[in-house]
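[1] have a look at this prediction, sequence included:
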Amino acid sequence: MWGIEMENQPINLLIMRAKLKSGDSQSIEKVAATLRLDKQNEYQKIILTSNEQTLDFYGYFYLNAPTALNPIDAKAFLGQSADAFTDVEISRLVIQDSIEGYSKELAPVNRYVVEMDPETGWQEELFAWYDQEHLPGLANVPGCIAAMRCINLDHSPFSIAFYDLINPEVLGCEPWLKIRYTSWSDRVRPHFTNVRRTMLSLISEE
C-alpha cells in the first residue's frame with residue numbers, strides 16, 4: 001500500500017480514531033476537555049468530534065509545520081485520557097488537498113468522514129476523481145465549510161476525506177447529490193474497498 005512508500009513524508013496532522021466507553025454527553029465533554037488541555041500546547045489546532053449513538057470519537061491534531069514523525073504509541077499519546085476509550089488508533093496524515101467551502105464564513109457543527117482503500121489498480125483514477133471532481137464539487141455545495149483529503153500513513157483505510165458542514169442535512173440536498181451521482185462517480189465508487197462513512201459532531205471547547 002502507498003502508506004509504505006510515503007513513510008518518510010512530513011506529516012500535517014495526527015488523527016485519533018477510537019470508541020468511547022460512554023455516550024453520555026457530559027462525559028464526552030469532560031473527556032474532550034481533558035484531552036484538549038493536555039495537548040493544547042503541542043499543536044496549532046485541535047478538533048475533537050464524536051457520535052453519541054455509535055460511540056465513535058475522532059480527534060484531529062494539526063502540527064505547526066509539516067514534520068517527519070515516527071509512528072505514535074496510542075497509550076503514551078493519551079496519557080490520563082486513555083481509560084475513556086477503546087480501540088484507539090493514532091495515525092499520521094499527509095494532506096493531499098484542502099479546499100475552502102461555499103459556506104466558509106460559517107462555523108462547522110458536523111464533520112463527515114469518508115475512508116476507503118482503492119481496489120488494486122484503481123488508485124490513480126480514484127485519486128484523480130477526488131482531486132479533479134469530487135472534493136472541489138462537494139466543497140462548493142451550500143452548507144459545506146471546508147473539504148480535505150489525506151493519506152493515512154499508519155492504519156487502513158488509507159484514504160480519508162472529511163467535510164465540515166453546517167448540519168447533517170447537507171448530505172441530502174440536491175447540489176450534494178448532483179455531485180455524488182455523476183457518471184465518473186458511478187464508475188469509480190464500486191472500486192472503494194474497506195469503506196467507512198461516519199457523521200460526527202464537533203465538541204465545543206467550552
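    Structure's in. What do you need? Numbering: from 1, shown residues only.

[2] beyond the strand ranked longest in the chain, next helix or strand please.
    In the chain, with assignment by DSSP state E, the single longest strand is strand 85-100. As assigned by DSSP states H and E, the chain's next helix or strand after strand 85-100 is strand 110-118.

[3] mind checking how far that following strand is from the chain centre?
    For strand 110-118, the separation from the chain centroid amounts to 6 Å (computed by Cα atoms, centre = their mean, to the nearest Å).

[4] how far out from the middle of the chain is the helix or strand just after it?
    Downstream of strand 110-118, the next assigned helix or strand under DSSP H and E is helix 123-129. For helix 123-129, the separation from the chain centroid amounts to 19 Å (computed by Cα atoms, centre = their mean).

[5] who are the packing partners of the longest strand of the chain?
    strand 11-20, helix 74-78, helix 135-139, strand 144-152 (3 or more Cβ pairs under 8 Å, 6 or more residues apart in numbering; DSSP states H and E). Glycine gets a C-beta too; all of them are placed from N, C-alpha and C.

[6] for V109, which of those is the nearest?
    strand 144-152 (9.1 Å; Cβ to Cβ).

[7] report the rounded mean pLDDT for the closest one.
    Strand 144-152 shows a mean pLDDT of 97 in the predicted model.

[8] give me the phi and psi for the residue nearest to E29 when sequence neighbours are not counted.
    Distances taken as Cβ to Cβ, 6 or more residues apart in numbering place I203 nearest to E29, at 6.4 Å, with adjacent residues excluded. Torsion angles at I203 (phi, psi; degrees, to the nearest 10) stand at phi -90, psi 120.

[9] just say which of the helices and strands packed on strand 85-100 is most tucked in.
    Highest mean neighbour count of these: strand 144-152, a mean of 23 (counted as mean count of other Cβ atoms under 10 Å).

[10] direction included, what does it pair against?
    Strand pairing for strand 144-152, using DSSP bridges, gives strand 85-100 (antiparallel), strand 159-165 (antiparallel).

[11] and the ones you listed, which is most packed in?
    strand 159-165 (a mean of 24).

[12] just after that one, pick out the following helix or strand.
    Trace forward from strand 159-165 with DSSP H and E and the next one is helix 174-180.

[13] helices or strands up against that next one?
    If you count contacts as 3+ Cβ pairs under 8 Å, 6+ apart, helix 174-180 packs onto helix 135-139.

[14] how far away from the center of its chain is the helix it packs on?
    Put simply, helix 135-139 sits 15 Å off its chain's centre (Cα atoms, centre = their mean).

[15] would you mind finding the longest helix in this structure?
    With secondary structure taken from DSSP state H, the chain has its longest helix at helix 25-39.

[16] need the per-residue pLDDT for the nearest residue to L55 once chain neighbours are set aside.
    Setting aside the residues directly before and after it, L55 is nearest to L20 in space (Cβ to Cβ, 6+ apart), at 4.4 Å. Confidence at L20, expressed as pLDDT, is 96.

[17] what do you get for the one 10 residues further on?
    The confidence metric pLDDT takes the value 93 at K30.

[18] and what of P190?
    P190 is assigned a pLDDT of 96 by the prediction.

[19] any idea how far M116 is from it?
    11 Å (Cβ to Cβ, to the nearest Å).
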